[in-house]
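Chemist: next comes the sequence, and after it the predicted model I'd like to discuss.
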Amino acid sequence: MTLSWYDTEAFTERTYETRWSGTLLPSDDGWAFAGMHVSTATDRDR
């Protein structure tokens, strides 16, 4: 999944290819995230 936003301090767009994983637990309203992790394949800003 592509994650991107405009950095208003650096005046540039940040774009990353990401992978998301998480744990769902049942709740009174259906399901709720108990935890979530997002990672990128590379760190292009460093």
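Modeler: Here it is on my side, so go on.

Chemist: what's near enough to touch Thr15?
Modeler: Counting by CB atoms under 8 Å, 6 or more residues apart in numbering, Thr15 makes contact with 2-4. Heads up, the C-betas are built off the backbone N, CA and C, glycines and all.

Chemist: mind checking the SS state of it?
Modeler: Three-state call for Thr15 (DSSP: H, G, I helix; E, B strand; the rest coil): strand.

Chemist: and the contacts of Thr15 as a markdown table, adding secondary structure, neighbour count and pLDDT?
Modeler: Output for the contacts of Thr15, formatted as a markdown table (DSSP: H, G, I helix; E, B strand; the rest coil; neighbours: other CB atoms under 10 Å; pLDDT from 0 to 100):
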| residue | secondary structure | neighbour count | pLDDT |
| --- | --- | --- | --- |
| Thr2 | strand | 7 | 88 |
| Leu3 | strand | 12 | 87 |
| Ser4 | strand | 10 | 92 |
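
Chemist: quick one: which of the residues you listed is nearest to Arg19?
Modeler: Leu3 (10.2 Å; CB to CB).
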